[in-house]
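Enquirer: with the sequence up front, the predicted model follows.
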Amino acid sequence: METNYKSALLIVLYLVAIVAANLLVATYGPDVAIVNAFLFIGLDITARDGLHEAWKNEGLWWKMLLLIAAGSLLSAAFNWNAARIALASFVAFAGAGIADTIVYHALRERARLLKINGSNVVSAAVDSVLFPALAFGFPLLIGVMIGQFVAKVVGGFVWSVILRNFEARSGVESAA
């Protein structure tokens, strides 16, 4: 698959998933956080690794920061009442993205699924602590944090397999 097309597809998937997750959490609160973590955040952290590959020599850091900011700004634009969630999401995803980038880079010589899922474990841990603390405040919702972590790791694995199978069936190069 052409790199620009691949990147555009991953950007759209990333933004749709993060905006949907932010708006659902803003509307329904922590009750949907674990489902969101599996469906949407697992996709985001996996798509992020595909974008890492596409952008690694072309402004990775600033492009990722702009992508994270765009997701938060779109969330707030769709529903101003989601602004607090969008800000929490921005901070959590920025922290998780830094951790993910470091681990993904350290695993760069490993098999693709190991790089993706190994870095997803670390980014899921960072995001699962930061996001609930910032979005829902104190007392900390430890059950939500643990549930989100597990859901993000499992969801990220499922999405990495789905994207890999999509590539195999369509004959395209690595999308994630």
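Expert: Thanks, I have the structure now. If you're wondering where the values come from, they're calculated on a predicted model, not measured in any experiment.
Enquirer: over to the closest residue to Arg110 other than its chain neighbours: give its phi and psi.
Expert: Among residues not flanking Arg110 along the chain, Gly118 sits closest, at 7.3 Å (Cβ to Cβ, 6 or more residues apart in numbering). Where C-beta positions appear, they are placed from N, C-alpha and C, glycine not excepted. The phi/psi pair for Gly118 (degrees, to the nearest 10) reads phi -60, psi -40.
Enquirer: now Ala20: which helix or strand?
Expert: Ala20 belongs to helix 3-28 when assigned by DSSP states H and E.
Enquirer: just checking, what packs against that helix?
Expert: helix 33-36, helix 42-55, helix 60-78, helix 83-106 (3 or more Cβ pairs under 8 Å, 6 or more residues apart in numbering; DSSP states H and E).
Enquirer: same thing but at 6 Å, please
Expert: Contacting helix 3-28 under the criterion 3 or more Cβ pairs under 6 Å, 6 or more residues apart in numbering; DSSP states H and E are the following elements: helix 42-55, helix 60-78, helix 83-106.
Enquirer: check which residues of that helix are buried.
Expert: Under the neighbour-count criterion of 16 or more other Cβ atoms under 10 Å, helix 3-28 has 6-7, 9-11, 13-15, 17-26 buried.
Enquirer: likewise stretch 70-78?
Expert: Neighbour counts over stretch 70-78 (16+ other Cβ under 10 Å) mark 70-72, 74-76 as buried.
Enquirer: quickly note the distance from the nearest residue to Asn120 once chain neighbours are set aside to Ala88.
Expert: Once flanking residues are discounted, Asn120 sits nearest to Gly156: 3.8 Å by Cβ to Cβ, 6+ apart. Note on Gly156: its distance to Ala88, by Cβ to Cβ, to the nearest Å, is 20 Å.
Enquirer: neighbour-wise, which of those two wins?
Expert: It is Gly156, of Gly156 and Ala88, that has more neighbours when counted by other Cβ atoms under 10 Å, with 29 against 21.
Enquirer: SS state for the more buried one?
Expert: helix (DSSP: H, G, I helix; E, B strand; the rest coil).
Enquirer: for stretch 103-119, buried residues please.
Expert: Within stretch 103-119, judged by 16+ other Cβ under 10 Å, the buried ones are 103-104, 107, 115-119.
Enquirer: any stretches of the chain with poor pLDDT?
Expert: Flagging of the chain using pLDDT under 70 yields the residue ranges 1-3, 170-176.
Enquirer: ok, 80 please
Expert: 1-5, 57, 140, 166-176 (pLDDT under 80).
Enquirer: number of nearby residues for Ala99?
Expert: Ala99 is flanked by 18 other residues according to other Cβ under 10 Å.
Enquirer: so who does it touch?
Expert: Applying Cβ atoms under 6 Å, 6 or more residues apart in numbering, we find Ala99 in contact with 122-123, 126.
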